[in-house]
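K.L.:
Dropping a prediction and its sequence here:
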Amino acid sequence: MIERAIWSEAQEIAVYRPGQKVEVKSRSGIVDTVIAYDPDMVPPVVLANDPQPRYPEELTLISQPRTSFNWLLPWSKPNKVNNSAQKVISSH
């Protein structure tokens, strides 16, 4: 049971990370931003524009597009050096 509580807390820390957009269920339509999650604090979620900390049950997560790298794209090719530039460099 303790392991489950620790796992649940770890999941909440990952979900309610700084920058995560949320909606307070009691204030429908108002989007706020998580600035901190402190598991030692009750309630643990601190929002940017709300002076009252919140419990996760009071919040709805707003999905955000993930910024990721497209690893399938080929690496960029190095710039080709033209022959005249090579001649100037080699003549010095």
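P.N.:
Perfect, I can see it now. Residues are numbered from 1 along each chain as shown.
K.L.:
Residue 60 and residue 20: what is the separation?
P.N.:
Distance, residue 60 to residue 20, using C-beta to C-beta, to the nearest Å: 11 Å. Any C-beta I mention is one placed from the backbone N, CA and C, and that applies to glycine too.
K.L.:
who's more crowded, those two?
P.N.:
Ranked by neighbour count (other C-beta atoms under 10 Å), residue 60 and residue 20 place residue 20 first, with 19 against 12.
K.L.:
Now for the more buried one: which residues touch it?
P.N.:
If you count contacts by C-beta atoms under 8 Å, 6 or more residues apart in numbering, residue 20 has them with 33-34, 61-62, 64.
K.L.:
Mind pulling the model confidence for residue 8?
P.N.:
At residue 8, the pLDDT value in this model is 76.
K.L.:
quick one: the helices in this protein?
P.N.:
2-15, 83-91 (DSSP state H).
K.L.:
looking at the ones you listed, which has the lowest confidence?
P.N.:
The weakest mean pLDDT among these belongs to helix 83-91, with a mean of 50.
K.L.:
Now do residue 42: how many residues are near it, please.
P.N.:
Neighbourhood size, residue 42 [other C-beta under 10 Å]: 8.
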